[in-house]
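K.L.:
pasted the sequence and its predicted model underneath.
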Number of protein chains: 2
Amino acid sequence: MAEQTETLRRAPLSRERVLHAAVALADEAGIASLSMRNLAQELGVVPMALYKHVANKEELLEGMIDAVVAEIDPPAAGAGWKQAVRRRILSARQVLQRHPWAPIAIESRTAATPGVLAYLDSMVGTLTAGGFSADLAHHVMHAMGSRMLGFSQELFDASRNAGRSGAAAAAEPPAAPPPEFADRFPHLATIAAAAAHDDASVVGPGCDDQFEFEFALDLLLDGVERLHRQGWTSHPG
Amino acid sequence: MAEQTETLRRAPLSRERVLHAAVALADEAGIASLSMRNLAQELGVVPMALYKHVANKEELLEGMIDAVVAEIDPPAAGAGWKQAVRRRILSARQVLQRHPWAPIAIESRTAATPGVLAYLDSMVGTLTAGGFSADLAHHVMHAMGSRMLGFSQELFDASRNAGRSGAAAAAEPPAAPPPEFADRFPHLATIAAAAAHDDASVVGPGCDDQFEFEFALDLLLDGVERLHRQGWTSHPG
DNA sequence: CCCTGGTGGTGTACGCCGTACACCCAGTCT
DNA sequence: AGACTGGGTGTACGGCGTACACCACCAGGG
């Protein structure tokens, strides 16, 4: 009887259940807290049980990444290449905000996962459907780089912080710089002050992440559009 | 006597010696092999001895990063902002190629190091000296992001591989894709084939990393220059 | 002259981590 | 009924970062 309620209480493990729980755990506790032991405990199971469903931690991460990438919206039908790419990248960014550990996990890998490759393949498809040569599409993919997946690529980024330490930490205010900051880094202090003045309140959020992202994205996309329109090619001969 | 040759054989530890050895170890064996224990062994010392010179591993990494950033050329005098920024970023890229673990180490941190902040501050200084408003300079810094430090931001990058696994692995050829690759990712296969044809030999290096980097960099810088010339501002009112 | 304090290297130990390996129990198929 | 198999278990190993107590040495003051 006791064993029966036990077995009833938790469904049998499966690769999907493991991946799901792993993503949830990383979302709320940070990627640093995602150990095989913690994950097993979350699932009410002994650590080694996980290895019946994932080969090792590396493969677990791979599955988590592909689960996240699968959340990105499919390409919008009927839009031009620029709108299609733009919307999809913004969708990817939204997904990454739900899973702030994902950029670190993806960048730390030695090889791209199948899901990431499929996503990139689809992006190239959108470009070539928009009339891009393979040559230009190739260089554009390199130039966009991880921005294609909605990465922000900030050197210091609050979401990266959240990825390490969990959702709770992300809610904290961004910790005012120490007083000597302005002395040591006067130019940074100047632009930080300018950004603060942009907001309605002086002590508001330092800057609008969404605006910064779209600014950078459009800078890139506008440049790409210009090259495309003028028939740019890498071998001018 | 034995003790004397012992003490003569190795100079006493110092923070600089520790950081130097750590950078060298990460360069040749990969950041994954940089453990306090390995580093201590490299220095002929017991692991805990390191803690008399660095507070912990986190602070060790911080020191290593700042040591690497200090290798980047100072800003070129007498050049316009665009040339100055461009040259410095290319110098940063060269430095990162000597220390392929550095991007991972920098991105994995939760806060920027003093050395990185000083570098970014100097970059902002170059922009404002070139006539940029604080507003535009701010958004440009965000848009350039880690590219400012010479990061490549490729989703799959051979140098990232080297950073994980050491210099030896970087020398290996880049492992041809499996035969089903072209079936599953047809668009990627197409642009990969186009890139291969660009080279003199069909089986040459997939693409020219330096070219891709400068392509992306100039795309960004040209866009920035355009905004600067037309007096762009984030509050059009 | 000894003695004392601080600096820097040592040794031991703890609690994490990923995971190899042997086991065992419940079902299913023959 | 007996064999086979797939999923959960228990134990154990080697590695990690690092806390803590210890000690060897040397400088400076009584």
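P.N.:
Looks like it arrived, so ask away. Only a predicted model underlies this, so the values are computations on that prediction, with no experimental measurement involved. Residues are numbered from 1 along each chain as shown, chains lettered A, B, ... in the order given.
K.L.:
CA atoms for contacts and neighbours, from now on please.
P.N.:
OK.
K.L.:
from the chain's centroid, how far away is the longest helix anywhere in chain A?
P.N.:
Longest helix of chain A, by residue count under DSSP state H: helix A:209-229. Taking CA atoms, centre = their mean, to the nearest Å, the mean C-alpha location of helix A:209-229 is offset from the chain mean by 18 Å.
K.L.:
next helix or strand past the lowest-mean-pLDDT helix or strand in chain A?
P.N.:
Ranked by mean pLDDT, DSSP states H and E, the helix or strand of chain A with the weakest confidence is helix A:2-9, at a mean of 42. Note on helix A:2-9: by DSSP states H and E, the next helix or strand toward the C-terminus is helix A:15-29.
K.L.:
list the residues that contact A:Ala76.
P.N.:
Neighbouring residues of A:Ala76 by CA atoms under 8 Å, 6 or more residues apart in numbering or on different chains: A:Ala84, A:Arg87, A:Arg88.
K.L.:
need these in JSON lines with secondary structure, can you?
P.N.:
Shown next, in JSON lines, are the contacts of A:Ala76 (DSSP: H, G, I helix; E, B strand; the rest coil):
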{"residue": "A:Ala84", "secondary structure": "helix"}
{"residue": "A:Arg87", "secondary structure": "helix"}
{"residue": "A:Arg88", "secondary structure": "helix"}
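K.L.:
and which of the residues you listed is nearest to DNA strand C?
P.N.:
Nearest to DNA strand C among these, counting by CA to the nearest atom of the strand, is A:Arg88 at 32.2 Å.
K.L.:
for the closest one, grab the count of nearby residues.
P.N.:
Neighbourhood size, A:Arg88 [other CA atoms under 10 Å in any protein chain shown]: 21.
K.L.:
ditto for A:Gly78
P.N.:
For A:Gly78, using other CA under 10 Å, the count is 8.
K.L.:
so it, which of the three states?
P.N.:
With three-state DSSP as the criterion, A:Gly78 reads coil.
K.L.:
any idea how far it lies from DNA strand C?
P.N.:
According to CA to the nearest atom of the strand, to the nearest Å, A:Gly78 and DNA strand C sit 44 Å apart.
K.L.:
tell me the spacing between that residue and chain B.
P.N.:
Counting by CA to the nearest CA, to the nearest Å, the separation of A:Gly78 from chain B is 19 Å.
K.L.:
A:Arg87 now?
P.N.:
Computed with CA to the nearest CA, the distance linking A:Arg87 and chain B is 18 Å.
K.L.:
and the residue lying closest to that residue once chain neighbours are set aside, how far from A:Ile31?
P.N.:
Spatial nearest neighbour of A:Arg87, excluding adjacent residues (CA to CA, 6 or more residues apart in numbering or on different chains): A:Ala76 at 7.6 Å. Note on A:Ala76: its distance to A:Ile31, by CA to CA, to the nearest Å, is 31 Å.
K.L.:
packing partners for the helix or strand containing A:Ala143?
P.N.:
Element membership for A:Ala143, per DSSP H and E: helix A:134-144. Helix A:134-144 is packed against helix A:114-129, helix A:209-229, helix B:186-198, helix B:209-229, with contacts defined by 3 or more CA pairs under 8 Å, 6 or more residues apart in numbering or on different chains; DSSP states H and E.
K.L.:
kindly recompute the last result at 6 Å.
P.N.:
For helix A:134-144, the elements it packs on are helix B:186-198, judged by 3 or more CA pairs under 6 Å, 6 or more residues apart in numbering or on different chains; DSSP states H and E.
K.L.:
list the contacts of A:Ala32.
P.N.:
A:Arg164 (CA atoms under 6 Å, 6 or more residues apart in numbering or on different chains).
K.L.:
now stretch A:89-100: how far from the chain's centre is it?
P.N.:
5 Å.
K.L.:
flag every buried residue along that stretch.
P.N.:
Neighbour counts over stretch A:89-100 (16 or more other CA atoms under 10 Å in any protein chain shown) mark A:Ile89, A:Leu90, A:Ser91, A:Ala92, A:Arg93, A:Gln94, A:Val95, A:Leu96, A:Gln97, A:His99, A:Pro100 as buried.
K.L.:
I would like the residues contacting it, please.
P.N.:
With CA under 6 Å, 6+ apart as the criterion, stretch A:89-100 contacts A:Asp27, A:Ile72, A:Met148, A:Leu149, A:Gly150, A:Ser159, A:Gly163.
K.L.:
which of the residues you listed has the most neighbours?
P.N.:
Compared across these, A:Gly163 has the highest neighbour count, 30 neighbours, by other CA under 10 Å.
K.L.:
surely that one meets A:Trp101?
P.N.:
Yes - counting by CA atoms under 6 Å, A:Gly163 does reach A:Trp101; the two are 3.8 Å apart.
K.L.:
against DNA strand D, how distant is the most centrally placed residue in chain A?
P.N.:
Closest residue to the average C-alpha location of chain A: A:Leu96 at 3.7 Å, with CA atoms, centre = their mean. Using CA to the nearest atom of the strand, one obtains 28 Å as the distance from A:Leu96 to DNA strand D.
K.L.:
among the buried residues of stretch A:89-100, which one lies nearest to B:Asp66?
P.N.:
A:Pro100 (26.1 Å; CA to CA).
K.L.:
need the three-state assignment for the closest one.
P.N.:
A:Pro100 is classified as coil under three-state DSSP.
K.L.:
try A:Ala55
P.N.:
On the basis of three-state DSSP, A:Ala55 is classed as coil.
K.L.:
and for it, the neighbour number?
P.N.:
10.
K.L.:
among the buried residues of stretch A:89-100, which one lies nearest to A:Gly223?
P.N.:
A:Ile89 (16.4 Å).
K.L.:
just checking the distance from the helix holding A:Ala143 to the centre of its chain.
P.N.:
The chain centroid and the centroid of helix A:134-144 are separated by 20 Å, computed with CA atoms, centre = their mean.
K.L.:
where does chain A have low pLDDT?
P.N.:
A:1-10, A:157-162, A:168-176, A:198-205, A:237 (pLDDT under 70).
K.L.:
spell out which parts of it neighbour chain B.
P.N.:
When proximity is defined as CA under 6 Å from any CA of the partner chain, chain A approaches chain B at A:110, A:121, A:124-125, A:134-135, A:138, A:143, A:145-146, A:153-155, A:161, A:185, A:187-188, A:191, A:216.
K.L.:
can you list the contacts of A:Ala76 in a markdown table and add distance to B:Pro236?
P.N.:
Output for the contacts of A:Ala76, formatted as a markdown table (distance: CA to CA, whole Å):
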| residue | distance to B:Pro236 |
| --- | --- |
| A:Ala84 | 27 |
| A:Arg87 | 24 |
| A:Arg88 | 27 |
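K.L.:
ok, of those residues, which one's closest to DNA strand D?
P.N.:
For the contacts of A:Ala76, the nearest to DNA strand D is A:Arg88 (36.2 Å; CA to the nearest atom of the strand).
K.L.:
quick one, what contacts the closest one?
P.N.:
Counting by CA under 6 Å, 6+ apart, A:Arg88 has no contacts.
K.L.:
ditto for A:His138
P.N.:
B:Ile191.
K.L.:
now A:Arg15
P.N.:
Contacts of A:Arg15 by CA under 6 Å, 6+ apart are A:His53.
K.L.:
one more time with 8 Å
P.N.:
Listed by CA under 8 Å, 6+ apart, the contact partners of A:Arg15 are A:His53, A:Val54.
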